[in-house]
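Asker: Need the 3D shape of this:
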Amino acid sequence: MSKSRLQSVYSGVKYFITDQWFLLALAILVAISSQAQVPASSQKLKETVVTYLCPAVIFFITGCTLATRILWENYTRWKIHLFTQIQCFLMCSASAYGVVSLCATNSDFMDPALLIGLIFLGCVPTTIASNTIMTKQAHGNHVLTLVESTVGNLIGPALSPALINMYILPRPWYTDFLPLAQVDNYAELYKRVFQQFGLSLFLPLAIGQVVQNLFPQVTNKIFVEWRLSKLGSLALLILIWQTLSHQTFDQAFETGAFTSVKGNNMVFIVLMSLAFYLLWLAISILLSLPWLAREEIVTVAYVVPAKTPALGIPLSAVMFAGLDRVTQSKIQVPLVIYQGLQIACGSVFTLVLRRWIEIGRAAKAGKDVEEASQDRASSDG
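Answerer: Numbering: from 1, shown residues only. Sure, this is the predicted structure:
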């Protein structure tokens, strides 16, 4: 191999590692989580610190670098809110239920708990932190992503249980093992979710906005010139690792949920999760093309397909309290698999979407120059 060829390969590998370090680091952490779980005695402390501290860092930085006017303008865009949330909840849940209904025609094919897990997958809201940072990496409208993700997670605790109950209400055969939902437990779920949002999202974001408006030059120097905003990506990596390792992988591996699932079922869940992500991504982009700018399409492309285990995991425990840990873990398996795939796919698609945004901006700049030249020629004439 020639020296120039080696240099080209080296430059390509170096660029990929530099640009996609997040994805590579996540893969390493997932591998570690599958082999060595955090001791039970340390889980509570780890969950508390990471669940609140890392999102707080992310949204404090966002508040310090985000203009208040732009944030407010994006919150008032109710048409795109409806457009995005209808897809995220209704389109995703309906397609997931359609697949479950087809699978249920053969009672010997799929484990019933996995079918319930697929319904949960379609009904839960989007993620917040990962959506916001990946949209920013793809040069999309990360402010709109923050707004859409927040709206989805605010209505999720009320809408997701209603959708799940609607789909399982006919009581098909694969729901026979489920206990009746204990409605009294929802109060604890709402308290937990909104307490977490208040302390890890809204409060840090508000403090960041205050700091930015009081000390604009200092915040610009620290977070833009010194690039301290990169801490947000590191905090997101720790947050995702915590979500995967504690809420999903630790319990799944500890209870033997993965090993107790038939091999063909596991293959189906992996392939179906990937198919769901690509299908929901394609639909969201195609429906957005006629009326949204490219930066806003990137927002929709990240918000609609993404699903958060942060609500799905505790929601399954609340709705079906009384199930043994293995069965509960099986219900969570589709969310476990999908979470890893959506992070991996989302990270890779930042390259594609960023390039698409750059092409659009270059074309727009060229068109503006051409129009300016025509205007000058007309005035000279």
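Asker: can you pull out the helices in the stretch 201-350 of the chain?
Answerer: Counting by DSSP state H, counting those that start in this stretch, the stretch 201-350 of the chain has helices at residues 203-214, 216-220, 231-242, 251-255, 257-260, 263-288, 294-303, 309-319, 325-380.
Asker: And for residue 322, the neighbour number?
Answerer: Look at residue 322: counted by other Cβ atoms under 10 Å, it has 11 neighbours. Quick note: C-beta positions are derived from backbone N, CA and C, even for glycine.
Asker: remind me which residues of the stretch 201-350 of the chain are low pLDDT?
Answerer: Applying pLDDT under 70 to the stretch 201-350 of the chain flags the ranges 240-260.
Asker: Return the most buried member of the helices of the stretch 201-350 of the chain.
Answerer: Neighbour counts (mean count of other Cβ atoms under 10 Å) averaged over each of these peak at helix 294-303, with a mean of 25.
Asker: Need the three-state assignment for the residue nearest the centre of the chain.
Answerer: The centroid of the chain falls nearest to residue 127 when counting by Cα atoms, centre = their mean (3.5 Å). Under DSSP: H, G, I helix; E, B strand; the rest coil, residue 127 falls in the coil class.
Asker: Quick check on it: phi, psi?
Answerer: For residue 127, the backbone dihedrals (degrees, to the nearest 10) come out as phi -90, psi 170.
Asker: Report pLDDT for it.
Answerer: Per-residue pLDDT puts residue 127 at 91.
Asker: pretty sure residue 17 is in contact with residue 11, am I right?
Answerer: No - Residue 17 sits out of contact with residue 11 when judged by Cβ atoms under 8 Å, with a separation of 11.0 Å.
Asker: For the helix or strand residue 196 falls within, what is the distance to the chain centroid?
Answerer: Residue 196 belongs to helix 186-197 when assigned by DSSP states H and E. Its chain's average C-alpha position is 19 Å from that of helix 186-197, according to Cα atoms, centre = their mean, to the nearest Å.
Asker: re the thing from before, and of the helices of the stretch 201-350 of the chain, who's closest to residue 90?
Answerer: Proximity to residue 90 (Cβ to Cβ) singles out helix 263-288 among the helices of the stretch 201-350 of the chain, at 11.7 Å.
Asker: for the closest one, packing partners?
Answerer: Helix 263-288 makes packing contacts with helix 92-103, helix 112-123, helix 294-303, helix 325-380 when contacts are defined by 3 or more Cβ pairs under 8 Å, 6 or more residues apart in numbering; DSSP states H and E.
Asker: can you redo the ones you listed as TSV with distance to residue 276?
Answerer: Converted to TSV, the helices and strands packed on helix 263-288 look like this (distance: least, Cβ to Cβ, whole Å):
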stretch	distance to residue 276
helix 92-103	7
helix 112-123	7
helix 294-303	14
helix 325-380	7
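Asker: and residue 231, which of the ones you listed is closest to it?
Answerer: The nearest among the helices and strands packed on helix 263-288, by Cβ to Cβ, is helix 325-380 at 18.1 Å.
Asker: tell me what the closest one is packed against?
Answerer: With contacts taken as 3+ Cβ pairs under 8 Å, 6+ apart, helix 325-380 sits against helix 21-35, helix 112-123, helix 129-137, helix 251-255, helix 257-260, helix 263-288, helix 294-303, helix 309-319.
Asker: quick check: mean pLDDT across the next helix-or-strand element following the third one?
Answerer: Once the chain leaves helix 129-137, the next helix or strand it forms, by DSSP H and E, is helix 142-168. Confidence over helix 142-168, taken as the mean pLDDT, stands at 92.
Asker: Would you mark the buried spots in helix 142-168?
Answerer: 142-153, 156-157, 159-161, 163-164, 167-168 (16 or more other Cβ atoms under 10 Å).
Asker: So what angle separates the directions of that helix and helix 92-103?
Answerer: Between helix 142-168 and helix 92-103, the angle comes out at 40 degrees (axes from the mean of the first three to the mean of the last three Cα atoms, to 10 degrees).
Asker: Okay, angle between helix 142-168 and helix 112-123 too, please.
Answerer: Using the same axes, to 10 degrees: helix 142-168 against helix 112-123 is 140 degrees.
Asker: could you say what helices and strands helix 142-168 packs with?
Answerer: Judged by 3+ Cβ pairs under 8 Å, 6+ apart, helix 142-168 is in contact with helix 68-75, helix 78-85, helix 92-103, helix 112-123, helix 129-137, helix 186-197, helix 294-303, helix 309-319.
Asker: Next up, the contacts around residue 118.
Answerer: For residue 118, the contacting residues are 96, 99-100, 269, 272, 334, by Cβ atoms under 8 Å, 6 or more residues apart in numbering.
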